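K.L.:
here are the coordinates; sequence isn't available:
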């Protein structure tokens, strides 16, 4: 997973260093070459701890293309003597970017620095955070072999969600450990385990198990405590398991045949989250399994062109549960009506579609508008739905098919103009979720306009690429020098925008949707920016200016880069 890994020490470090050092001189490998700051063939600097700012010794410093590598000395210093380029071969001599690695610190590509000769470079390594703990069954019994899973709070398309991470198993002392964690928010849960000890299990007798426990000891994932971690922090999290009786659960399915591999979702008290599970018995056409006492919502869904969904509430209270029966209902189709208020009549966009037999051109809103629905649930992404492909060359209709009951965010993007409005039944879908319930769903009304605003500006602190010299030739960098994000403020009709910054620190866009934005500049892309979460974005209230963009307006603005440590 992206943010969470079990502890893996870098056992291949020596091999990596040895391989990389095959391309550098002995002087470079020692990191103790000439120390003259003004020599243009010397690249040197220091690796420091990003939190304490203390030097980091014995860290591996290497170029992004792995042609250069060395270890820092005891004071965190490193140095490369850049070889002379061969003009006959057109070879690149020096490294363009440098990064550092060391066990106990995070591997983060955003910490790489430009390899500028003659400058004293600083590479910051972020120390890993840790979560350690112990699982116990009673005051005297340690829980060996219990699986503990971690969940990280991450932004997916601007929406914060709890994403599943690694699972680790407790050792003979009941201890577990999660390492190499980035700063952020986490939750922990133990996985369900049946008690199959032959000494305690008699055929036909009461079955027992250990239900999942959500740290620090609550009954469902939504109520679990969030563990906030900072760089280098170690958090202690202990669990206590309670052995409980489990009872058979059987839910007949009355009107459909589920696939045996279809997952059955069990939600504690209607709160979606990890923990419990049931299965489907195709021979007896029923959902079945074991659950402890509690209230549950059990759901099932079929997939395909005519998908269906069903759910029932059950209560387990000291006895086996038989029923109620689950009835699967067809999922919904949602019609999209698009009203065009374009001023440009000579737009010449084109696109085509193939059904595998023929290719035909798209027309109307299908030509420029992309629409999908995304489950409005903060527990990991769930399958959404997109516009049905056209059924023929004259099918310009926009329909989202097979949408189960639930709450959804409407996601829209356009290659022509912008979405000025989207609503259904008086609900503004640009700011509020779409609720799909039993029965038919009203059409979604969408308004498109093209009276865009324009913006341009400069980002301070962006340096141009170094000039080519006779002794030093740098690789051409294709990636932007920085990124500017336009974040619509709450209740603003603006739309999230990401703009690239040139070598000269310039950025511009002629297709901004009118609205009120906070502009943020970063040195690297921010895939986990929670721009749809107003509460989370308050941390950036002082990091960038607010601009008001009216239809047809052109605005210029100057920005400062937000450092990686902010």
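P.N.:
Thanks, I have it. Worth saying up front: this structure is predicted, and the values here are computed from it rather than measured.
K.L.:
Can you spell out the domain ranges of this protein, please?
P.N.:
Domain assignment for the chain, taken from automatic domain parsing, gives 13-125, 129-240, 244-330, 332-449, 453-562.
K.L.:
Save the ones you listed as a markdown table, and put in mean pLDDT and mean neighbour count too.
P.N.:
Placement of C-beta: from N, CA and C, glycine included. Converted to a markdown table, these look like this (pLDDT from 0 to 100; neighbours: other CB atoms under 10 Å):
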| stretch | mean pLDDT | mean neighbour count |
| --- | --- | --- |
| domain 13-125 | 74 | 17 |
| domain 129-240 | 89 | 17 |
| domain 244-330 | 88 | 16 |
| domain 332-449 | 89 | 15 |
| domain 453-562 | 85 | 16 |
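K.L.:
gap between residue 354 and residue 360?
P.N.:
8 Å (CB to CB, to the nearest Å).
K.L.:
What of residue 349?
P.N.:
16 Å.
K.L.:
for residue 531, same thing?
P.N.:
Residue 531 is 37 Å from residue 360, by CB to CB.
K.L.:
Any idea how many residues pack against residue 243?
P.N.:
15 (other CB atoms under 10 Å).
K.L.:
Just the pLDDT at it, thanks.
P.N.:
Looking at residue 243, its pLDDT is 90.
K.L.:
what about the strands in the stretch 351-500 of the chain?
P.N.:
Shown for the stretch 351-500 of the chain, the strands assigned by DSSP state E, counting those that start in this stretch span residues 352-354, 359-361, 369-375, 385-386, 399-403, 406-414, 418-424, 427-428, 434-436, 444-449, 453-460, 482-488, 497-501.
K.L.:
can you check the stretch 101-250 of the chain too?
P.N.:
For the stretch 101-250 of the chain, the strands defined by DSSP E, counting those that start in this stretch cover 113-114, 120-125, 129-136, 147-156, 159-169, 175-181, 184-190, 193-194, 207-210, 227-229, 234-236, 239-240, 244-252.
K.L.:
Can you add distance to residue 312 and give those strands back as TSV?
P.N.:
Converted to TSV, the strands of the stretch 101-250 of the chain look like this (distance: least, CB to CB, whole Å):
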stretch	distance to residue 312
strand 113-114	58
strand 120-125	52
strand 129-136	33
strand 147-156	27
strand 159-169	25
strand 175-181	35
strand 184-190	24
strand 193-194	23
strand 207-210	22
strand 227-229	34
strand 234-236	39
strand 239-240	31
strand 244-252	6
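K.L.:
Of all those, which one is nearest residue 520?
P.N.:
Smallest distance to residue 520 across the strands of the stretch 101-250 of the chain (CB to CB): 13.9 Å, for strand 147-156.
K.L.:
could you say what helices and strands that closest one packs with?
P.N.:
strand 129-136, strand 159-169, strand 184-190 (3 or more CB pairs under 8 Å, 6 or more residues apart in numbering; DSSP states H and E).
K.L.:
ok, the closest residue to residue 425 other than its chain neighbours to residue 448 distance?
P.N.:
Distances taken as CB to CB, 6 or more residues apart in numbering place residue 442 nearest to residue 425, at 5.2 Å, with adjacent residues excluded. In this view, residue 442 and residue 448 are 19 Å apart by CB to CB.
K.L.:
Equivalent analysis for residue 395, please.
P.N.:
19 Å.
K.L.:
same deal with residue 482?
P.N.:
31 Å.
K.L.:
repeat for residue 162
P.N.:
In terms of CB to CB, residue 162 sits 35 Å off from residue 448.
K.L.:
again, but for residue 296
P.N.:
44 Å.
K.L.:
for stretch 423-431, how far is the first residue from the last?
P.N.:
For stretch 423-431, the first and last residues are 10 Å from each other (CA to CA, to the nearest Å).
K.L.:
For that stretch, what is the distance to the chain centroid?
P.N.:
Counting by CA atoms, centre = their mean, to the nearest Å, stretch 423-431 is centred 27 Å from the centre of its parent chain.
K.L.:
Report the contact partners of the residue lying closest to residue 493 once chain neighbours are set aside.
P.N.:
Using CB to CB, 6+ apart and skipping the chain neighbours, the partner closest in space to residue 493 is residue 515 (4.6 Å). Listed by CB atoms under 8 Å, 6 or more residues apart in numbering, the contact set of residue 515 reads 488-489, 492-495, 549.
K.L.:
and those residues as CSV, adding distance to residue 158?
P.N.:
Shown next, in CSV, are the contacts of residue 515 (distance: CB to CB, whole Å):
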residue, distance to residue 158
488, 10
489, 14
492, 14
493, 16
494, 13
495, 11
549, 19
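K.L.:
The closest residue to residue 293 other than its chain neighbours bridge partners, please.
P.N.:
Among residues not flanking residue 293 along the chain, residue 316 sits closest, at 5.2 Å (CB to CB, 6+ apart). Beta-bridge partners for residue 316, by DSSP bridges, are residue 294.
K.L.:
how about residue 316, what does it touch?
P.N.:
Each residue near residue 316 by CB under 8 Å, 6+ apart is listed here: 247, 249, 291-296.
K.L.:
let's see it at 10 Å
P.N.:
By CB atoms under 10 Å, 6 or more residues apart in numbering, residue 316 lies in contact with 245-249, 290-296.
K.L.:
Kindly provide the distance from the residue nearest to residue 493 to residue 394.
P.N.:
According to CB to CB, residue 515 and residue 394 sit 36 Å apart.
K.L.:
Residue 563 too?
P.N.:
Noted for residue 563: a distance of 55 Å to residue 394, by CB to CB.
K.L.:
which one is residue 451 nearest to, not counting chain neighbours?
P.N.:
Nearest-residue entry for residue 451: residue 551, 4.0 Å, with adjacent residues in sequence omitted and distances by CB to CB, 6+ apart.
K.L.:
now do residue 550
P.N.:
residue 514 (5.6 Å).
K.L.:
same deal with residue 143?
P.N.:
In space, residue 143 is closest to residue 135, 4.0 Å off (CB to CB, 6+ apart).
K.L.:
close enough to count as contact, the one you found and residue 177?
P.N.:
No. Look at residue 135 against residue 177 with CB atoms under 10 Å: they stay out of range, at 12.0 Å.
K.L.:
any residues in contact with both of those two?
P.N.:
Taking CB under 10 Å, 6+ apart as the contact rule, residue 135 and residue 177 both touch 148, 170.
K.L.:
what kind of secondary structure is residue 536 in?
P.N.:
Recorded secondary structure, residue 536: helix (DSSP: H, G, I helix; E, B strand; the rest coil).
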